[in-house]
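1. Fold the following.
(3 chains)
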Amino acid sequence: MVGVNKLKTMYEQMVTARHYEERLVDEYLVGKEPAFDISAGPIPGELHLAAGHEASGAGVCIHLRNDDTVTGPHRPHHIAIAKGVDLKRMTAEIFGRETGLCRGKGGHMHLFDPDVNFACSGIIAQGCPPAVGAALAAKKRNTDAVAVAFLGEGAIDQGGFLESLNLAAVHDLPVVFVIEDNDWAISMPKDRVTDVADGSKRAWGFDLPGVRVDSDDALAVAEVAGEAVMRARDGNGPTLIEVQVHRRMGHFMGDAEAYRPEADIERAKQRDSIDRLADDLRSHGVTDDDIDEIRERAHERVEDAITWAKKQPEPDPEEAYENVFTNPPATAATDGGENGGAN
Amino acid sequence: MTDAVEIDSEAVWPADADDVDEAYLANWFVREGAAVDAGETLCEIQVEKVSIDVPAPVAGTVTEIAVAEGSDFDRGAVLGQIQASA
Amino acid sequence: MATESRDVTEAAETERELTMSRAMVEAIAWEMRNDEDVFIMGEDIADYGGIFSSTTGLLDEFGRDRVMDVPISETAYLGAAVGAAQAGMRPIAELMFVDFFGVAMDQIYNNMAKNTYMSGGTMSVPMVLTTAVGGTYNDAGQHSQTLYGTFAHLPGMKVVVPSTAYDAKGLMHSAIRDDDPVVYMFHKRLMGLGWMPSPSGPKTAVPKDDYTIPFGEADVKRVGDDVTVVTLGLHVHRAMEAASQLEDDGIDAEVIDLRTLVPLDTDTILDSVRKTGTLLVVDEDYQSFGVTGEIIARAAEGALDDLSAVERLAIPDVPIPYARPLEDEVIPGTDDIAAAVRDLHE
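-> Modelled structure (predicted):
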């Protein structure tokens, strides 16, 4: 069972994540209206927002500790927030600032926070093998840490995912795979790319437990994930979970979703896991005032992070040559040479 | 001599962008002086991130490009003029 | 061996112009209309029309049997393109970003590129692998590479890099009709997308009829006597801009657009180097073990006595960083090119 305090924490993380995405929309569009130029404004490049995915990040990560590893996909903000990634430094990274999590080198798809063992990859499904590796390390070192790999439903046709399931299964590794099914792989609906509507059935081919949570229900996610994480922690091997989430925004900012039926967008917006969890809280006796207080705190935290991030300095161009190696060879390009190039 | 025909941005404004007042001219595919067929794509505009091809309303010669490539314009702006062929 | 005529790009101002993406699509559509064996598959190429508008409108004309959205399984569908090509069809398979090649490299390299040779020439693989390349819009290390050198390094693939709409169409016709696997690398910044504005060069007049541009013929974009600048893709336009800046300083740069890396038009490079005596190679790929080194090596092999100075500009062997000041630092800019040409001229 997931107690009321955990539910409150989840709710706060979900509200934080939702407000964060909504605020990033505002910040991202600065300099991009009316002409949408992806390279203009204070946040350039692609931005994949996860509004509608919150139940999965919060429902899974509520069971995790700092020493548990999480790998995220290209749509990572809600997971990072639930895992406890430093919100200010994450925001500074998205703004491309010197004090960002990755010193401005990674950007929003490539957030790394070793303090809470969080990493992500912009290449779909490619966080799965490293999660298996983290689980392997935990097993070899006899800790009870676990690893969780998040991926989208579009990524489950990747070899990297299927091979990871098999490797984790055959070595009984403490890893949980979480598919976030938002129905759309950019413009491709799930039924066009797979005949298996329930992605958790992929587990059957590896003789693993596979469970699908068929609704945007954070509590249900938390219950299923709790069992999976415990199973992993107890040395009983991996689990595959698929969570139905929904995509409230386009695949990336700038995606006009011309391919997507209007009714589908509306349906997605009706399925709000945050409202649903608020109802769950009320049924546990949490008052509306308490809920408002959580919301306010979450909003304030987001505003603080954005305000702080925007005040941070941009990286010095010379920083581009740093961090290629942990131990840079003596002959490696570090100063850019006479034309800013390598030696 | 026939009349000049306006290339009207309102004519191609998408129905689901009724609340949008501004757009962006992404590309012209003809220059002033070009002979065009009716329906030939003249330019591409962007309304709310959606690209829309603007067809020639009539066959003729493009006599004026009124909204330059790479600039913003208001809904209803005349993008250019075509002198209809006789 | 520089190509026949560039009149077409300077054609009558009344001629229709196209963006690079539309020119590519026009060639693909023509080939699909005229050859039932041509079909295209990739991620988001049907309803979406390609993330970079490389397939816009094809679904409407040809339907889902010939314009196929595929699962995100690059190993499977790129490998399937190899198999269909070996069975006599002429598939086009789009890899959304070249950076995603990693998951499917075995199909690309060990099958697509090698099967012709390893079968002793008894099989051929007439497919086109189209893919988006390049940075300049802050998409960081996994979505901004060109990887020109990686593909050109491995034998068995022809490698095409158009820089204008005119070339994009002619090279696409050639690619589809070629009996070998062709990797067709289009730069995102050159496609003419409303949401990623191009420089002014890539949109050109494009004939409505089909035409081919032979592989292995570089294009001398600007004739000059002082310094040879060899480049490709986006940097053709940056080099042209730099050349016009240098004109004011009395420096006359010759700009060569390679257009294809495999085959490589060494003769045009050597002719130019013999004339100018100096060589700058500009590349948007990593510097070491890549295009810049190869071009300079060929110049040294073929025209060492004529060469007085060489220089290169490329990504300085770092992954492509996200933040704008960092990305701007590592991708050669117009000013970097102008400065390097001045250096060589001194």
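2. Which residue ranges of chain A form helices?
-> Assigned by DSSP state H, the helices in chain A fall at A:4-29, A:54-61, A:77-83, A:87-94, A:128-140, A:159-170, A:190-193, A:218-233, A:262-270, A:273-283, A:288-311.
3. buried sites along the first one?
-> Within helix A:4-29, the residues that qualify as buried by neighbour count (16 or more other CB atoms under 10 Å in any protein chain shown) are A:6-21, A:23-24, A:27-29. The way it works is simple: take the backbone N, C-alpha and C, and place the C-beta from them, glycine included.
4. quick one: average pLDDT of that helix?
-> Throughout helix A:4-29, pLDDT has a mean value of 98.
5. And that helix, how far out from the chain middle?
-> Distance of helix A:4-29 from its chain centroid, counting by CA atoms, centre = their mean, to the nearest Å, is 12 Å.
6. List the contacts of the spatially closest residue to residue C:47 that is not a sequence neighbour.
-> Of all residues not flanking residue C:47 in the chain, residue A:259 sits nearest, at 3.9 Å (CB to CB, 6 or more residues apart in numbering or on different chains). By CB atoms under 8 Å, 6 or more residues apart in numbering or on different chains, residue A:259 lies in contact with A:187, C:47, C:48.
7. I'd like to know which of the helices of chain A is closest to chain C.
-> helix A:190-193 (3.9 Å; CB to the nearest CB).
8. Residue C:152 is in what secondary structure piece?
-> helix C:148-153 (DSSP states H and E).
9. what about that helix and chain A, any contact?
-> No - using CB under 8 Å from any CB of the partner chain, helix C:148-153 stays clear of chain A, coming no nearer than 13.7 Å.
10. Only alpha carbons, please: show that helix as CSV.
-> In CSV, the C-alpha atoms belonging to helix C:148-153 read as follows (Å, rounded to 0.1, in the frame of the first residue of the first chain):
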residue,chain,number,x,y,z
TYR,C,148,30.4,12.7,-43.5
GLY,C,149,33.8,11.1,-42.9
THR,C,150,32.4,8.0,-41.1
PHE,C,151,30.3,7.1,-44.1
ALA,C,152,32.9,8.1,-46.7
HIS,C,153,35.6,6.1,-44.9
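11. Against which helices or strands is the helix or strand just after it packed?
-> Sequence order places strand C:158-160 as the next helix or strand after helix C:148-153, per DSSP H and E. Strand C:158-160 sits against helix C:148-153, helix C:165-177, strand C:182-187, strand C:260-262, with contacts defined as 3 or more CB pairs under 8 Å, 6 or more residues apart in numbering or on different chains; DSSP states H and E.
12. For these, give me a markdown table that also has mean neighbour count.
-> Listed next are the helices and strands packed on strand C:158-160 as a markdown table, based on neighbours: other CB atoms under 10 Å in any protein chain shown:
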| stretch | mean neighbour count |
| --- | --- |
| helix C:148-153 | 22 |
| helix C:165-177 | 26 |
| strand C:182-187 | 27 |
| strand C:260-262 | 24 |
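13. Show me where the stretch 1-150 of chain C has its strands.
-> Ranges of strands in the stretch 1-150 of chain C, per DSSP state E, counting those that start in this stretch, are C:17-18, C:38-42, C:67-69, C:90-97, C:128-133.
14. is the helix or strand just after the fourth one up against chain A anywhere?
-> Which is strand C:90-97. For strand C:90-97, the following helix or strand on the C-terminal side (DSSP H and E) is helix C:105. No - Helix C:105 does not reach chain A (CB under 8 Å from any CB); its nearest approach is 11.7 Å.
15. can you give me how far helix C:105 is from the chain middle?
-> Using CA atoms, centre = their mean, the offset of helix C:105 from its chain centre is 19 Å.
16. In the stretch 201-346 of chain C, what residue lies closest to chain B?
-> Proximity of the stretch 201-346 of chain C to chain B (CB to the nearest CB) peaks at residue C:203, 6.8 Å away.
17. Please determine how far that residue is located from chain A.
-> Look at residue C:203 and chain A: by CB to the nearest CB, to the nearest Å, they are 17 Å apart.
18. contacting residues for the residue nearest the centre of chain C?
-> With distances taken as CA atoms, centre = their mean, residue C:161 lies nearest the centre of chain C, 1.2 Å away. Taking CB under 8 Å, 6+ apart as the criterion, residue C:161 is in contact with C:133, C:148, C:185, C:186, C:187, C:232, C:233, C:258, C:259, C:260, C:261.
19. Would you mind listing what in chain B touches chain C?
-> Neighbours of chain C within chain B, by CB under 8 Å from any CB: B:24, B:26-35, B:40, B:44, B:46, B:49, B:51, B:70.
20. Those residues in helices, which ones?
-> Members of the residues of chain B next to chain C lying in helices (criterion: DSSP H): none.
21. Could I have the buried ones of those as PyMOL selection syntax?
-> Buried residues among those (16+ other CB under 10 Å), as a PyMOL selection:
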select buried, chain B and resi 24+26+27+28+29+30+34+35+44+46+49+51+70
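22. contacting residues around the residue in the stretch 151-300 of chain A positioned nearest to chain B?
-> Across the stretch 151-300 of chain A, no residue is closer to chain B than residue A:256, which sits at 4.4 Å (CB to the nearest CB). Contacts for residue A:256 (CB under 8 Å, 6+ apart) come out as A:250, B:48, B:49, B:50.
23. Equivalent analysis for residue C:184, please.
-> Applying CB under 8 Å, 6+ apart to residue C:184 gives the contacts C:128, C:129, C:130, C:131, C:160, C:162, C:171, C:172, C:175.
24. Skip the chain neighbours and tell me the closest residue to the residue nearest the centre of chain A.
-> With distances taken as CA atoms, centre = their mean, residue A:76 lies nearest the centre of chain A, 2.6 Å away. Excluding the flanking residues, the one nearest residue A:76 by CB to CB, 6+ apart is residue A:120, at 4.4 Å.
25. Up against chain B, what does chain A have?
-> Counting by CB under 8 Å from any CB, chain A sits next to chain B at A:33, A:34, A:35, A:36, A:254, A:255, A:256, A:258, A:262.
26. quick one: which two of those residues are the most distant?
-> Using CB to CB, the residues of chain A next to chain B span at most 24.8 Å, a distance reached by A:35 and A:262.
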